[in-house]
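Trainee: mind folding the following:
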Amino acid sequence: MVIINKLEGDEKGCEPSQTFNITWYLRYSDCYNEVFNFGDEQADNYFGTTAEEHPGWSGYYATGSLFPNCSELFKPQIFYKEFVHPEPLSPEKQEFFMVMCIVYVFFGVLWLAWSACYWRDLLRIQFWIGAVIFLGMLEKAVFYAEFQNIRYTGESVQGAVILAELLSAVKRSLARTLVIIVSLGYGIVNLTQTMKLLKLRRNVVKLSLYRHFTNTLILAVAASIVFIIWTTMKFRLVDCQSDWQELWVDDAIWRLLFSMILFVIMILWRPSANNQRFAFSPLSEEEDDDEQKEPMLKESFGQ
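Mentor: Residues are numbered from 1 along each chain as shown. All right, here's what the predicted structure looks like:
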């Protein structure tokens with residue numbers, strides 16, 4: 001810990017015989033809710049006292065320096081003392097965004113390679129998947145760059161934060177729309193009824209596709225419920241949130257969960273030579289076996 005102290009004024013008004021003792025307090029707390037759950041006025045009162053607000057909770061760390069005379073106050077002073085304190089940014093959260101950025105780069109390279117191999121047979125939904133991957137990659141990269149800047153300079157760039165949050169909002173909107181497209185646009189309005197109809201029509205390809213997607217959604221819902229219960233018991237129903245350094249998990253788990261769903265969608269709807277078997281076709285009991293096929297890019301080139 002390094003503190004630089006410099007007083008402005010006129011040394012002529014100093015009394016040489018006077019000495020000064022300057023003491024400061026570095027308030028810290030092991031309980032997240034002890035510091036961050038009150039307003040500005042309460043904060044002024046809280047940090048203005050050296051007494052503990054809650055017996056048994058964290059107190060304060062005090063240090064100081066004695067100046068032999070008044071004139072020494074007007075010379076720049078540097079105070080150094082070993083003091084272990086948490087960084088302004090959780091290193092685990094920064095590492096998580098770094099890993100997620102690498103994961104989305106892998107998603108992008110993989111999807112670009114698939115699309116390049118079968119670019120004439122691409123479906124509209126595959127362009128949508130590519131857009132979600134691209135925005136996710138940009139979002140994670142901007143967040144990671146912002147965290148790196150905070151780590152090395154201690155300051156946050158407002159423009160980078162706004163851009164990151166904007167990309168995150170757009171990506172989430174496209175991601176939710178993608179799940180809706182997959183669920184509704186491909187006939188999965190009533191999963192049970194759809195599965196029965198596909199069995200009756202002996203459409204093995206789409207039956208396998210929907211079965212895997214259904215299992216993915218079930219696992220995602222189950223994981224969400226377990227995580228909600230865990231976070232509620234660990235962070236909400238406690239008097240002292242001493243595990244505040246793990247709060248980043250509350251945000252990270254949802255990003256990780258969607259990335260897993262996105263990867264499953266990528267595998268199930270990946271570009272291939274037989275793309276048309278996954279193309280949109282309304283499922284109804286009255287329709288014939290001939291399916292209405294979705295137009296693909298190769299039709300524009302006059303096969």
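Trainee: excluding its backbone neighbours, what's nearest Gln94?
Mentor: Phe147 (4.3 Å; CB to CB, 6 or more residues apart in numbering). C-beta coordinates here come from the backbone N, C-alpha and C atoms, glycine included.
Trainee: may I see the buried residues of the helix or strand containing that neighbour?
Mentor: Taking DSSP states H and E as the definition, Phe147 sits inside helix 124-153. Within helix 124-153, the residues that qualify as buried by neighbour count (16 or more other CB atoms under 10 Å) are 125-126, 128-147, 150.
Trainee: now stretch 220-227
Mentor: Within stretch 220-227, the residues that count as buried by 16+ other CB under 10 Å are Ala220.
Trainee: hmm, who's touching that stretch?
Mentor: For stretch 220-227, contacts defined as CB atoms under 8 Å, 6 or more residues apart in numbering pick out Ile253, Leu257, Met260, Ile261.
Trainee: which members of these are classed as buried?
Mentor: With burial judged by 16+ other CB under 10 Å, the buried subset of these is Ile253, Ile261.
Trainee: and the contacts of stretch 220-227, which of them are in helices?
Mentor: Ile253, Leu257, Met260, Ile261 (DSSP state H).
Trainee: of all the residues you listed, which two lie farthest apart?
Mentor: Ile253 and Ile261 (12.7 Å; CB to CB).
Trainee: what ranges do the strands span in the stretch 51-200 of the chain?
Mentor: 60-67, 77-80 (DSSP state E, counting those that start in this stretch).
Trainee: re earlier: quick check, nearest of the ones in helices among the contacts of stretch 220-227 to Thr214?
Mentor: Thr214 has its nearest neighbour among these in Ile261, at 12.3 Å by CB to CB.
Trainee: quick one: the helices in this structure?
Mentor: Listed in chain order, the helices of the chain (DSSP H) span 32-36, 40-47, 91-117, 124-153, 158-180, 191-201, 204-231, 248-268.
Trainee: low pLDDT regions in the protein?
Mentor: Segments of the chain classed as low confidence (criterion: pLDDT under 70) are 1-90, 154, 182-203, 205-207, 241-245, 274-303.
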